[in-house]
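J.: With the sequence up front, the predicted model follows.
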Amino acid sequence: MLALDTRTIESCTVLIVDDDNVSRTVISTILSDLCQCVTVSNAPDALSYCKQQKPDLLVVDVNMPEMNGLNLCKAIKHDDDLDDIPLIFITGNVSKESQLQCWESGGNDFVSKPVIAQTLIHRVRNQLLSKLRMDALTTLTFHDSLTGLLNRNYLKQEYPRLSRQLMRDQQPLGVILFDIDYFKQYNDHYGHLYGDQCLERVAKILQQHGRRSRDAMIRYGGEEFLAILPDADMTATRKIAQNIVKAVYDTNIPHVQTVHSRVTLSAGAISTKAFDQDSLEDILDLADINLYEAKLNGKNQVVCK
Ligand SMILES: Nc1nc2c(ncn2[C@@H]2O[C@H](COP(=O)(O)OP(=O)(O)OP(=O)(O)O)[C@@H](O)[C@H]2O)c(=O)[nH]1
């Protein structure tokens, strides 16, 4: 079952970026009762922290040597993986032009120096609250409520970006379409409630096989699942499909209405470099043709070509 993100503000991480040691200490002391604070002294360190840890909020000094806060903000907001992290500027210059620069660089708010503790706390709390709400909304929008896997909305939203990345890096895309065999009979024999539990168990197995961070396991339809495997060639895609089909077989979920007396999967898989951002339907059609062949050949198997 989908678990909604019930994180609290106290569990959120705020990254404080300031070249001045005293300012870093003052800001993290002010915020220490509200959330988890991490400090770095320059923008490049902040960027690499964000890429590895993804904080919930950045509090950034505008004036820093090497790379200033405005440029750090632009870098964050132009990065597809980081652009949802809110950012508050701390600035000593509140002139009209300076304020405009903060907004135009993509900042979500700013606090003027000298910092008034209660103002900073309230501004940070507001940003974290809307971040948590947005995270919960994203979970609801992009996940299937029964299995917790990603859903079709996610695929539709994510595919153009993913295909751009893969084309740029000249990497293949592996796609596997899975379908539970004789699932109508399963529902008819065991009832819909057990049918739902069966879907959850199969989904869990799929989730365990999406090992790389960019892999996506999707509930594609009723008893259909999709694995999206960036940078998986035909050999890797076939292997992953076979591992999943075998893992479901080995789990031995009883299904007395079938020859194997257990729940099994059929899979149609392909890997291709021939795609662009409009090609998703074509790729899925090819996977579907292979899936159809796997069903025709007797089910509980993978066709990958
Ligand atoms: N319990 C449950 N059943 C679902 C859900 N979504 C779809 N189904 C059922 O999945 C079944 C799919 O049946 P079919 O498309 O005939 O496929 P099948 O019986 O697996 O046949 P083959 O794929 O040829 O082996 C239907 O009975 C749907 O009602 C769901 O969320 N929960």
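T.: Sure, I can see it.

J.: at contact distance from the ligand, anything in the helix or strand bottoming out on mean pLDDT in the chain?
T.: The weakest-scoring helix or strand in the chain, judged by mean pLDDT, DSSP states H and E, is helix 152-168 (a mean of 91). No - using CB under 6 Å from any ligand atom, helix 152-168 never reaches the ligand; the gap is at least 13.5 Å. The C-beta positions use only the backbone N, C-alpha and C, and glycine is treated the same way.

J.: and what of stretch 210-229?
T.: Yes - for stretch 210-229 and the ligand, the contact criterion (CB under 6 Å from any ligand atom) is met by 222, 223.

J.: How about residue 183: what's its closest non-neighbour residue?
T.: residue 223 (4.2 Å; CB to CB, 6 or more residues apart in numbering).

J.: per-residue confidence for the one you found?
T.: Looking at residue 223, its pLDDT is 96.

J.: Help me confirm that it comes into contact with residue 177.
T.: No - counting by CB atoms under 8 Å, residue 223 does not reach residue 177; the two are 11.6 Å apart.

J.: between those two, which one's more packed in?
T.: residue 177 (28 against 20; other CB atoms under 10 Å).

J.: Any idea how many residues pack against the closest residue to that one other than its chain neighbours?
T.: Using CB to CB, 6+ apart and skipping the chain neighbours, the partner closest in space to residue 177 is residue 287 (4.1 Å). The tally of other residues near residue 287 (other CB under 10 Å) stands at 26.

J.: Which neighbouring residues are in contact with residue 261, exactly?
T.: Neighbouring residues of residue 261 by CB atoms under 8 Å, 6 or more residues apart in numbering: 254, 255.

J.: Roughly how far does it sit from residue 77?
T.: 55 Å (CB to CB, to the nearest Å).

J.: hang on, the earlier thing: and the least confident helix or strand of the chain, C-alpha only, in PDB?
T.: The C-alpha trace of helix 152-168 is given here as PDB (Å, rounded to 0.1, in the frame of the first residue of the first chain):
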ATOM      1  CA  ARG A 152       1.500   6.200 -15.900                       C
ATOM      2  CA  ASN A 153       1.500   9.900 -15.000                       C
ATOM      3  CA  TYR A 154       5.100   9.600 -13.900                       C
ATOM      4  CA  LEU A 155       6.100   7.900 -17.200                       C
ATOM      5  CA  LYS A 156       4.300  10.600 -19.200                       C
ATOM      6  CA  GLN A 157       6.000  13.400 -17.200                       C
ATOM      7  CA  GLU A 158       9.400  11.800 -17.000                       C
ATOM      8  CA  TYR A 159       9.900  10.200 -20.400                       C
ATOM      9  CA  PRO A 160      10.800  13.400 -22.400                       C
ATOM     10  CA  ARG A 161      13.500  14.300 -19.900                       C
ATOM     11  CA  LEU A 162      14.800  10.800 -19.700                       C
ATOM     12  CA  SER A 163      15.000  10.300 -23.500                       C
ATOM     13  CA  ARG A 164      16.800  13.700 -23.800                       C
ATOM     14  CA  GLN A 165      19.400  12.500 -21.300                       C
ATOM     15  CA  LEU A 166      19.900   9.100 -22.900                       C
ATOM     16  CA  MET A 167      20.200  10.600 -26.400                       C
ATOM     17  CA  ARG A 168      22.800  13.100 -25.200                       C
END
